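# got a predicted structure plus its sequence, pasted below:
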Amino acid sequence: MLEGKRILLGVSGSIAAYKAVELLRELIRRGAEVRCAMTGGAGRFVAPLTFQTLSRKPVLTDLYAQEEGGQIAHIAAAEGADLLVVAPATANTLARFAHGLADDFLTNLYLATRCPVLVAPAMDAEMWRHAATQANVATLRQRGVHFVGPASGELASGLTGPGRLAEPAEIAAAVEAILGRARDLAGRYLLMTAGPTYEPLDPVRFVGNRSSGRMGFALAEAAAARGARVTLVSGPTHLAPPAGVECVRVETTQEMYEAVLARAAEADAVIKAAAPADYRPSTVAPAKIKKGREVLSMELTPTPDILGELGRRKGAAVLVGFAAETEDLVANAREKLRKKNLDLVVANEVGAQGAGFGTDTNRVTLIGADGDAESLPLLSKQEVAHRVLDRVARLLAARPARP
Ligand SMILES: Cc1cc2nc3c(=O)[nH]c(=O)nc-3n(C[C@H](O)[C@H](O)[C@H](O)COP(=O)(O)O)c2cc1C
């Protein structure tokens with residue numbers, strides 16, 4: 001429920017603007033106090049009077065209008081808001097947010113507010129798929145903006161594809177989830193891992209894997225946003241460490257093992273999203289291996305099992321592992337959970353469309369120690385991170401915080 005929450009509802013110029021009316025009613029039904037801001041484009045689809053009447057407050061449209069008491073309206077509206085939700089968000093408004101433009105009331109409000117921002121895009125499928133739109137979405141996600149939708153289905157253009165505004169009830173549920181999460185990990189220390197490892201073969205070559213590190217970085221960023229102190233032990237990636245997160249860079253599984261084990265006893269939860277190599281070349285050639293031999297074979301030696309060791313030493317910390325599987329997803333993940341003494345396993349099918357290594361999205365199944373399997377739809381890695389942290393927060397709530 002949203003009792004006592006102050007929500008700003010931004011509406012931009014999409015054909016789906018009429019659905020924002022239903023969203024406004026839904027938010028009010030759930031107890032929120034809602035103030036609406038509309039772009040000029042939105043006003044071409046639905047009259048501000050509709051939003052004004054239902055919210056019982058003047059709609060914010062004119063950047064230069066005089067607010068009572070001489071306040072600057074967009075600054076006053078931004079202050080004290082719990083959440084800005086923009087639904088529908090047009091390609092144009094996403095681009096303006098991503099590039100920091102401030103040419104109307106809504107974009108000034110977006111820049112001025114420090115509250116969480118949730119965006120529900122709606123547009124034609126080709127506009128959504130366009131590289132410019134996708135780059136803007138990636139920029140906003142990286143800055144911590146939450147997304148809900150777009151859904152796939154029939155569009156106003158008559159075509160079918162991604163671009164439909166998420167249903168008002170789904171957007172309202174996302175609002176509740178974000179506000180419920182606000183600072184629920186404050187006072188907790190979370191240790192996480194991300195990325196691949198590189199196991200050297202000679203001074204210039206290594207054995208590695210396709211993990212990009214995005215899932216682990218998304219988890220670290222989300223946990224920090226929810227108030228946790230976070231250490232992220234990362235293998236080689238091109239990703240910048242999220243703000244406020246201590247990032248320890250390592251290269252091999254052995255280095256990751258040492259970095260994690262040195263900190264694990266202090267942690268309230270350990271989340272292992274990395275894909276460390278299970279084997280390393282048995283010998284590392286001191287000089288670059290020359291070509292010329294007909295067949296060159298490589299002997300491999302097992303690396304230390306980080307998760308297995310954490311499971312063996314397990315104290316009060318919540319232990320979460322990832323299981324990347326190509327077959328028998330749930331059965332294999334349950335087996336991993338049991339064998340490694342985990343509290344939660346996040347299973348994903350590598351190779352499924354939009355899921356796994358190198359993508360911005362993921363489709364995972366969460367399996368708890370009771371064996372219960374919760375399959376999530378295709379979500380952004382940021383949203384998957386929050387769903388995993390929702391479970392971690394629940395497990396932690398049952399355990400006392402450390403002094
Ligand atoms: C009938 C019609 C429907 C439109 N629907 C959308 C839409 O769903 N999504 C979108 O991004 N743009 C849509 N547009 C284009 C936007 O209205 C246009 O890009 C405008 O500049 C958006 O401005 P705003 O973001 O300030 O509201 C539509 C335009 C028309 C004429």
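Thanks, I have it.
# on the three-state scheme, residue 320 is what?
Per DSSP: H, G, I helix; E, B strand; the rest coil, the local secondary structure of residue 320 is strand.
# now do residue 58 against the ligand, distance only.
19 Å (CB to the nearest ligand atom, to the nearest Å). Where C-beta positions appear, they are placed from N, C-alpha and C, glycine not excepted.
# hang on, I meant residue 36
Residue 36 is 14 Å from the ligand, where distance means CB to the nearest ligand atom.
# that residue and residue 25 touch, don't they?
No. In this structure, residue 36 is not within contact of residue 25 by CB atoms under 8 Å, at 11.8 Å.
# for the two, indicate the residue with more neighbours.
The residue with more neighbours, out of residue 36 and residue 25 and counting by other CB atoms under 10 Å, is residue 36; that gives 24 against 15.
# find the nearest non-adjacent residue to the residue of the stretch 151-300 of the chain found nearest the ligand, please.
Closest to the ligand within the stretch 151-300 of the chain is residue 156: 6.5 Å, counting by CB to the nearest ligand atom. Nearest non-adjacent residue to residue 156, counting by CB to CB, 6 or more residues apart in numbering: residue 15, 4.4 Å away.
# ok, residue 198 next?
Residue 198's closest residue in space is residue 206 (CB to CB, 6+ apart), at 4.0 Å.
# report pLDDT for the residue of the stretch 151-300 of the chain closest to the ligand.
Residue 156 carries a pLDDT value of 83.
# list the contacts for it?
15, 16, 124 (CB atoms under 8 Å, 6 or more residues apart in numbering).
# swap in residue 306?
Contacts of residue 306 by CB under 8 Å, 6+ apart are 193, 253, 256, 257, 260, 261, 272, 276.
# ok, what's across the strand from residue 271?
Beta bridges link residue 271 to residue 192, residue 320, judged by DSSP bridges.
# helices along the stretch 51-200 of the chain, start to end?
Taking DSSP state H, counting those that start in this stretch as the test, the helices found in the stretch 51-200 of the chain are 73-78, 91-99, 105-112, 125-129, 131-142, 168-181.
# redo those as CSV? Include mean pLDDT, mean neighbour count and distance to the ligand.
Output for the helices of the stretch 51-200 of the chain, formatted as CSV (pLDDT from 0 to 100; neighbours: other CB atoms under 10 Å; distance: least, CB to the nearest ligand atom, whole Å):
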stretch, mean pLDDT, mean neighbour count, distance to the ligand
helix 73-78, 83, 19, 15
helix 91-99, 98, 20, 4
helix 105-112, 95, 22, 7
helix 125-129, 94, 17, 6
helix 131-142, 92, 16, 8
helix 168-181, 87, 19, 15
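# just give the number of residues close to whichever residue of the stretch 101-250 of the chain sits closest to the ligand.
Taking CB to the nearest ligand atom, the ligand has its nearest neighbour within the stretch 101-250 of the chain at residue 123, 3.5 Å off. Counted by other CB under 10 Å, the residues lying close to residue 123 total 27.
# need the pLDDT of it.
At residue 123, pLDDT is 96.
# now residue 353
66.
# and if you look at residue 349?
The score at residue 349 is 79. That number is its pLDDT.
# excluding chain neighbours, what is closest to it?
Nearest non-adjacent residue to residue 349, counting by CB to CB, 6+ apart: residue 329, 5.2 Å away.
# so what's the one you found scoring on pLDDT?
87.
# in contact with it, which residues?
Contacts of residue 329 by CB under 8 Å, 6+ apart are 323, 347, 348, 349, 365.
# where does pLDDT dip in this structure?
68, 352-359, 400-403 (pLDDT under 70).
# the residue nearest to residue 156: neighbour count?
Residues lying near residue 15 (other CB under 10 Å) number 16.
# and it, which of the three is it?
Per three-state DSSP, residue 15 ends up coil.
# surely it touches residue 42?
No. Under the criterion of CB under 8 Å, residue 15 is not in contact with residue 42, lying 10.7 Å apart.
# so residue 41 is in which element?
Using DSSP states H and E, residue 41 falls within helix 40-45.
# quick check: domain ranges of this structure?
Taking automatic domain parsing as the criterion, the chain consists of the domains 6-181, 189-397.
# what number of residues lie near residue 346?
Residue 346 has 27 nearby residues by other CB under 10 Å.
# same question for the one 3 residues further on.
Burial measure for residue 349: 19 neighbouring residues, criterion other CB under 10 Å.
# now it, what are its backbone angles?
Backbone torsions of residue 349, given as degrees, to the nearest 10, read phi -90, psi 110.
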